[in-house]
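> Below: sequence and its predicted model.
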Amino acid sequence: MARPTDLDEQLVHQLPELLPAVATPGPYWRESYFFDLHDPSGTGDAVFTTMAVRPHAGVMDSLAMGRVGGQPVLHLFERPLGDDPHTTELPGARVEVVTPWQEVRVWADPELSPIGVDLVFRARTQPYGLRRGTMRAADGVVWDQSHILQSGTWSGSYTANGVTTDVAGWTGQRDHSWGVRDHGRCPLWIWFQIQLEDGMLGVWHWELANGARVYTDGCWAGADGSDPVPVVDFHHDVHWIAADGSKGVYGRNGDTIAGLAGTCRFRLADGRTIEVEAEGEFVRPYEPYHRGGLSVVRVRTQDGRTGTAVYEVTGARHHHFFPDTDVEGLLPC
């Protein structure tokens, strides 16, 4: 028997199904929040938290991860969905949307996790909804997802190893995404979120293993609250950095990788071109679950603006970033 949830009372359905049902049932359907907080210097601490629902597994989970005091941290909270698949709270973590697209509160218990957070995100740009993107392999869907980006400022604190660090006005990012995500079979997935004083430049970009483009979308979102301007073209010339500062080779598991560096170029729908030079540290590897991970970098644009960014580069068998990695299953081609 299908059991209605409290939200099924609302006029919000998009399918002729109860809300816990999804359009493409399967083990890789996931809907999640992702939050980024990093030191304004572009070095030092970086904290990432998530909240996700996975209907096929019947669970809601939350990750607290990053680098604090030079040490990597990772903790997973989890609860069964039961009769409440929508409330974004579980033992030890919660996300509260105070005002949609304006204010969110994020909490994780430092008694249960190596990193606890008590933070408030307040928007500094409008949200931007990326168009739906799809990637297929010969045996089915690898990626079929929608995504929303937004930049904001953080206040509050985070706690690790008994030390609480206050946060006041740190710039960061929030995302909301949903759909099919067979992460390990995506040859290249780039997510760059660049924080400048006057706004945010973001892109989501996928490629096949040979470098052929599958999908690009993103925006420039001004801190003045103006309408976001879509990214209509994107090129990257970014490489791994080894521990000795030379160009790095990821190998099978990225054991020798210390950071990322290089340039990328964005062309906007209003005709502007923005070139960004970046260099920084690899702060949250996804090993052993996936290849690649999250880097925090310092950036400079061609017109002299400076800021910080999170560069996520992940994938498998990609000719430039991951030529030597292993992957289970068929890759898109």
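Perfect, I can see it now. Numbers count the residues shown, from 1 in each chain.
> How much space separates Trp240 from Gly259?
For Trp240, the distance to Gly259 equals 8 Å [CB to CB, to the nearest Å]. Glycine gets a C-beta too; all of them are placed from N, C-alpha and C.
> Name the residues contacting each of those two.
Here Trp240 and Gly259 have Phe282 as joint contacts, going by CB atoms under 8 Å, 6 or more residues apart in numbering.
> and these two? which has more neighbours close in?
Comparing Trp240 with Gly259 by other CB atoms under 10 Å, the one with more neighbours is Trp240, at 25 against 21.
> what lines up beside the helix or strand that Asp144 is a member of in the sheet?
Per DSSP states H and E, Asp144 falls inside strand 140-160. In the sheet, strand 140-160 lines up against strand 116-123 (antiparallel), strand 128-137 (antiparallel), strand 163-181 (antiparallel) (DSSP bridges).
> Quick one: residues contacting Thr301.
With contacts defined as CB under 8 Å, 6+ apart, the neighbours of Thr301 are 196, 274-277.
> For stretch 40-51, which residues meet the burial criterion?
Within stretch 40-51, the residues scored as buried using 16 or more other CB atoms under 10 Å are 42, 44-51.
> Quick check on the contacts of Thr301: which are buried?
Looks like these have 196, 274, 276-277 buried, using 16+ other CB under 10 Å.
> State the distance from Met51 to Asn161.
In this view, Met51 and Asn161 are 24 Å apart by CB to CB.
> related to what we said a few turns ago, using CSV, please lay out the buried ones among the contacts of Thr301 together with secondary structure, distance to Gly133 and pLDDT.
Shown next, in CSV, are the buried ones among the contacts of Thr301 (DSSP: H, G, I helix; E, B strand; the rest coil; distance: CB to CB, whole Å; pLDDT from 0 to 100):
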residue, secondary structure, distance to Gly133, pLDDT
Leu196, strand, 25, 98
Ile274, strand, 22, 98
Val276, strand, 22, 98
Glu277, strand, 27, 98
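> Give me the distance from the helix or strand encompassing Arg300 to the chain's centre.
For Arg300, the element it lies in under DSSP H and E is strand 292-301. Centroid displacement of strand 292-301 relative to its chain, using CA atoms, centre = their mean, to the nearest Å, is 13 Å.
> Could you do stretch 151-168 as well?
19 Å.
> before we move on, what about stretch 26-45?
Chain-centre distance of stretch 26-45: 5 Å, with CA atoms, centre = their mean.
> Also stretch 231-246?
In terms of CA atoms, centre = their mean, the centre of stretch 231-246 is set 18 Å apart from its chain centre.
> Hmm, Cys28 is touching Arg181, no?
Slight slip there: residue 28 is Tyr, not Cys. Yes: here Tyr28 lies in contact with Arg181, judged by CB atoms under 8 Å, at a distance of 5.5 Å.
> Determine the residues that are contacts of both of the two.
Counting by CB under 8 Å, 6+ apart, Tyr28 and Arg181 have no contacts in common.
> For the stretch 151-300 of the chain, just list every one of the helices.
For the stretch 151-300 of the chain, helices defined by DSSP state H, counting those that start in this stretch do not occur.
> low-scoring stretches of it, by residue?
By pLDDT under 70, the stretch 151-300 of the chain has no low-scoring segment.
> ok, now which ones touch the nearest residue to His235 once chain neighbours are set aside?
Counting by CB to CB, 6 or more residues apart in numbering, His235 lies nearest to Arg265, which is 4.8 Å off, once chain neighbours are set aside. Neighbouring residues of Arg265 by CB under 8 Å, 6+ apart: 234-236, 273-276.
> list the helices and strands the host helix or strand of Thr314 packs on?
For Thr314, the host element (DSSP H and E) is strand 306-315. Applying 3 or more CB pairs under 8 Å, 6 or more residues apart in numbering; DSSP states H and E, one finds that strand 306-315 makes contact with strand 29-38, strand 163-181, strand 188-196, strand 273-285, strand 292-301.
> Determine which stretch of those strands is the most buried.
strand 188-196 (a mean of 24; mean count of other CB atoms under 10 Å).
> So what's the gap between it and the chain middle?
8 Å.
> now that strand against strand 163-181, angle please.
140 degrees (axes from the mean of the first three to the mean of the last three CA atoms, to 10 degrees).
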